[in-house]
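J.: test case, fold it:
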Amino acid sequence: MSGPAEPASTADPAAGKPSGLVTHYFADVKHGPLPALLLLLTIVTGLVDAASILALGRVFVANMTGNVVFVGFALAGAPGFSLAGSIFALVGFLVGALGAGAAITRMSVHRGRLLRDTATAEFVLFVIAVIIAITAAPMGSTARVGVAFVLAVALGLQNTSVRRLAVPDLTTTVLTMTLTGIAADIRQSSYAVAARRALSVLCMFAGAIVGAVLVLHVNVQTPLAIAAALAGIVAIEAAVASRHPAAWHDLS
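T.: Prediction:
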């Protein structure tokens with residue numbers, strides 16, 4: 001007589017089924033491939049902020065908390081901070097956030113298409129920033145302000161759209177609450193939650209260190225070009241994932 005059937009949870013991993021962590025990031029029932037794609041955008045944020053801080057006059061284009069502080073430093077006369085760059089970055093971020101907010105209210109409630117359109121717009125804006133940086137090299141103050149503005153518009157779009165997508169612990173631009181969650185919930189968090197938060201931090205760190213190395217040893221255009229390429233990948237993958245109906249598409 002054959003023994004009792006093996007529970008599904010202990011099935012042979014060689015059967016071709018992805019592991020729980022892989023499934024969580026690429027084929028989650030609730031969020032589909034959004035977690036993996038938002039991790040790519042987190043890398044983009046690290047790349048872009050590294051370029052903006054190191055090459056555009058100490059300007060944040062993704063982290064507006066830091067940028068507000070930099071405006072204060074510049075107004076106080078601290079050397080090395082660009083008042084115009086910080087102000088235009090703030091304005092650009094608000095323009096991007098406003099545009100994304102208006103688009104979200106008009107478009108269909110579809111998370112995949114929202115991410116596709118956002119990443120496509122980011123790709124275009126990053127390419128524009130690269131073109132400005134190349135044609136204006138070596139960049140003067142006006143060109144640096146222009147690049148900061150364009151990048152901030154892109155990150156304003158990203159921040160607003162990601163906020164609407166509402167994937168837990170994957171804001172892509174600000175890690176304060178993610179780090180708080182790692183420390184405050186360390187005893188209560190599940191493995192999946194802790195891994196998601198840690199990966200978000202690591203992706204931002206990776207983008208920042210790669211961006212810094214490229215700016216310091218190559219040029220500012222290279223990390224921006226890589227950011228454009230990653231945004232393009234996100235746009236393509238989101239478009240492909242949106243082709244067939246799925247439960248995670250619903251934005252309502």
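
J.: okay, S9: pLDDT?
T.: According to the prediction, S9 has pLDDT 40.

J.: should've said E6
T.: Listed pLDDT for E6 reads 41.

J.: where does the stretch 101-250 of the chain have low pLDDT?
T.: The model of the stretch 101-250 of the chain has pLDDT under 70 over residues 108, 189-190.

J.: show me where it has its helices.
T.: Taking DSSP state H, counting those that start in this stretch to define them, one finds helices in the stretch 101-250 of the chain at 111-135, 141-165, 176-184, 191-217, 221-241.

J.: can you redo those helices as CSV, where the extra columns are distance to A247 and mean neighbour count?
T.: Glycine gets a C-beta too; all of them are placed from N, C-alpha and C. As requested, those are exported to CSV (distance: least, C-beta to C-beta, whole Å; neighbours: other C-beta atoms under 10 Å):
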stretch, distance to A247, mean neighbour count
helix 111-135, 10, 21
helix 141-165, 14, 24
helix 176-184, 26, 14
helix 191-217, 19, 17
helix 221-241, 12, 21
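
J.: save those as CSV, and put in distance to V59 too.
T.: Below are the helices of the stretch 101-250 of the chain laid out as CSV (distance: least, C-beta to C-beta, whole Å):
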stretch, distance to V59
helix 111-135, 13
helix 141-165, 5
helix 176-184, 19
helix 191-217, 13
helix 221-241, 14
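
J.: those helices: which one's closest to A84?
T.: Ranking the helices of the stretch 101-250 of the chain by distance to A84, with C-beta to C-beta as the measure, places helix 141-165 first at 5.1 Å.

J.: sorry, back to before: of the helices of the stretch 101-250 of the chain, give the one that comes closest to T42.
T.: Closest of these to T42 is helix 191-217, at 4.1 Å (criterion: C-beta to C-beta).

J.: between helix 176-184 and the closest one, find me the angle.
T.: Between the axes of helix 191-217 and helix 176-184, defined by axes from the mean of the first three to the mean of the last three C-alpha atoms, to 10 degrees, the angle is 130 degrees.

J.: check the offset of helix 191-217 from the chain's centre.
T.: Here the centre of helix 191-217 is set off from its chain's centre by 11 Å, with C-alpha atoms, centre = their mean, to the nearest Å.

J.: which neighbouring elements make contact with it?
T.: helix 20-26, helix 34-55, helix 176-184, helix 221-241 (3 or more C-beta pairs under 8 Å, 6 or more residues apart in numbering; DSSP states H and E).

J.: dump those into CSV; add distance to I132 as well.
T.: Listed next are those as CSV, based on distance: least, C-beta to C-beta, whole Å:
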stretch, distance to I132
helix 20-26, 34
helix 34-55, 12
helix 176-184, 31
helix 221-241, 10
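
J.: out of these, the one nearest S161 is which?
T.: That would be helix 34-55 among those, by C-beta to C-beta, at 9.4 Å.

J.: against L115, how distant is T42?
T.: 13 Å (C-beta to C-beta, to the nearest Å).

J.: correction: the previous question concerned T180.
T.: With C-beta to C-beta as the criterion, T180 and L115 are 26 Å apart.

J.: next one: R164
T.: According to C-beta to C-beta, R164 stands 10 Å off from L115.

J.: can you check I53 too?
T.: For I53, the distance to L115 - C-beta to C-beta - is 26 Å.

J.: cool, Q158 as well?
T.: Separation of Q158 from L115 (C-beta to C-beta): 10 Å.

J.: now do the shared contacts for the two.
T.: Common contact partners of Q158 and L115 (C-beta atoms under 8 Å, 6 or more residues apart in numbering): none.
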